[in-house]
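**Q** sequence unknown, structure follows:
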């Protein structure tokens, strides 16, 4: 298999360069990428070091390293003109057309790229994160009135990380509630959930995958047995049907996708830039 | 103030379009942007609806909407040729040069953009999230041996969201431990922390900002008083010095930046694509 070295470089955190680079590289199957992220390359000296490292990689490997960069400062970007990699600078490509259309010059300032430093948005996310942590795993039934969405599903189907992601990325107040044998035997949801039926969103998962996840956690347990897992998944799905709870199977889905789908289906507004 | 409508459109979650769009827009001061995210535009019908919406916005507002898009599927992208907005397609701009350099055609497949669907990386993040949740706020002193980093600082200085972000975004095992009056009066760290001194990273914050955060949480309390807040911040900073704990002031810093800086200083490898 082909192996290529990829540099993800920024005068800021490198998150934008990574997001762009990853999105593009997943489109190339059959190539393996070795990634090197260099964040905070914010002086000419650091930039020259980075260029030397890229050029050395080129000489050692005999093929051009791929370089994704997001430089806000022009004097840093200019250092990379001497670089022997394939430089894809995403600010450079798009700032020009935007300046023309908006008829405003860009400010070329760093440290603003992710909006979180904005104090309102920051507070909102912090509150949402606190809410997600205190409302995890059915811990806060009295607080569910504050939730914008309540994820329900069997143990280990991805509820907690999805709630945390919704809070951190989108400032959404998300609670979650595990469904268990008591609910399945009764064939109904607990009253504390029924009260908030409109906010419920179900997560389901293929039994084989769930078994694998549970097996890693508690090997050879009843909890991880094929029989128990199959029963729980089927019973949870019947409850979703019975109560008209929109749901999705998350087996082949990333947390980002689960969050995006759930927000779309429940019509939750994104908060990050409010 | 100028107001411009911005569409962030994708045949996937829209996260890449949002991240890149936000990074660019923060470079334009004095323009206010009204954002509309349209995720999962994955059929020609949905794409045509989106184009109609953009064109209607153009007619109503009299200026071109800015359209950031990341279309993997060419037949979707082609629908946008009729769009009256300024279309900036991140994939379109860079896929060509990459195909040429790698001598591989891109696969034009959706659903792979964020790497989380990869099952190893997914498991790693899930474990990291579980670890962060169970090791929050000093809850798991016995488990600190597993941490790659332990954030320390006064109450409400951003430890929890940073740990969760490190887990979700980077698959890093991050614990956190609050410093309180007991530690400050003793003038030393608890033994459970000293044992892991090499993993500690301190968060500090301007007293005025901390006061504001605490005031929202418990108005008019001793906890939120200028005197208490000032004392705690100074005492925490002395402990950082005494124990040689690298630290940063997070007052004007986003969670993404805190995480990136902490990883850089503690030399923690990024896990997302391992």
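**A** Now that the structure is in, tell me what you want to look at. Because the structure is predicted, anything quoted here is derived from the model rather than measured. Numbers count the residues shown, from 1 in each chain, chains lettered A, B, ... in the order given.
**Q** can you give the domain ranges for chain A?
**A** What the record gives for chain A is the domain set A:2-102, A:119-265, from automatic domain parsing.
**Q** from the chain's centroid, how far away is the longest one?
**A** Once both centres are worked out by C-alpha atoms, centre = their mean, to the nearest Å, domain A:119-265 turns out to sit 16 Å from its chain's centre.
**Q** before we move on, what about the first one?
**A** Its chain's C-alpha centre lies 22 Å from the corresponding centre of domain A:2-102 when counted by C-alpha atoms, centre = their mean.
**Q** and that domain with chain B, contact?
**A** Yes: using C-beta under 8 Å from any C-beta of the partner chain, domain A:2-102 reaches chain B at A:2, A:4, A:12-16, A:18-20, A:22-24, A:26-31, A:33, A:35, A:37, A:39-40, A:64, A:66, A:70, A:72, A:86, A:88, A:90-91, A:93-95, A:97-98, A:101-102. For glycine as for every other residue, the C-beta is placed from the backbone atoms N, C-alpha and C.
**Q** re earlier: make TSV out of the domains of chain A and add mean pLDDT and distance to residue B:164.
**A** Shown next, in TSV, are those (pLDDT from 0 to 100; distance: least, C-beta to C-beta, whole Å):
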stretch	mean pLDDT	distance to residue B:164
domain A:2-102	92	16
domain A:119-265	93	5
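**Q** what would these look like in TSV with mean neighbour count and distance to residue B:146?
**A** TSV is the format used below for the domains of chain A (neighbours: other C-beta atoms under 10 Å in any protein chain shown; distance: least, C-beta to C-beta, whole Å):
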stretch	mean neighbour count	distance to residue B:146
domain A:2-102	19	24
domain A:119-265	19	15
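**Q** what's the closest of those to residue B:82?
**A** Residue B:82 lies closest, by C-beta to C-beta, to one member of the domains of chain A: domain A:2-102, at 18.0 Å.
**Q** what sits against residue A:157?
**A** A:203, A:204, A:205, A:210, A:250 (C-beta atoms under 8 Å, 6 or more residues apart in numbering or on different chains).
**Q** separation between the third one and residue A:266?
**A** Taking C-beta to C-beta, to the nearest Å as the measure, residue A:205 falls 19 Å from residue A:266.
**Q** go on, the first one?
**A** According to C-beta to C-beta, residue A:203 stands 13 Å off from residue A:266.
**Q** could you list the residues in contact with stretch A:244-258?
**A** With C-beta under 8 Å, 6+ apart, stretch A:244-258 has contacts from A:152-153, A:157-158, A:161-162, A:165, A:169, A:197, A:200-206, A:209, A:237, A:239-240, A:261-262, A:265-266, B:12-13, B:15, B:111, B:114-117, B:122, B:125, B:168.
**Q** and the end-to-end length of it?
**A** Start to finish, the residues bounding stretch A:244-258 are 19 Å apart (C-alpha to C-alpha, to the nearest Å).
**Q** try stretch A:143-155
**A** For stretch A:143-155, the end-to-end distance is 21 Å (C-alpha to C-alpha).
**Q** hmm, that stretch touching chain B?
**A** No: Stretch A:143-155 lies apart from chain B when judged by C-beta under 8 Å from any C-beta; the minimum separation is 11.8 Å.
**Q** thinking again about what came up before, how about the domains of chain A, which one is nearest residue B:134?
**A** Minimum separation from residue B:134 across the domains of chain A (C-beta to C-beta) falls at domain A:119-265, 10.4 Å.
**Q** so residue A:201 sits against residue A:266, correct?
**A** Yes: using C-beta atoms under 8 Å, residue A:201 makes contact with residue A:266 at a distance of 5.9 Å.
**Q** shared neighbours of these two, anything?
**A** Common neighbours of residue A:201 and residue A:266 (C-beta under 8 Å, 6+ apart) are A:149, A:246.
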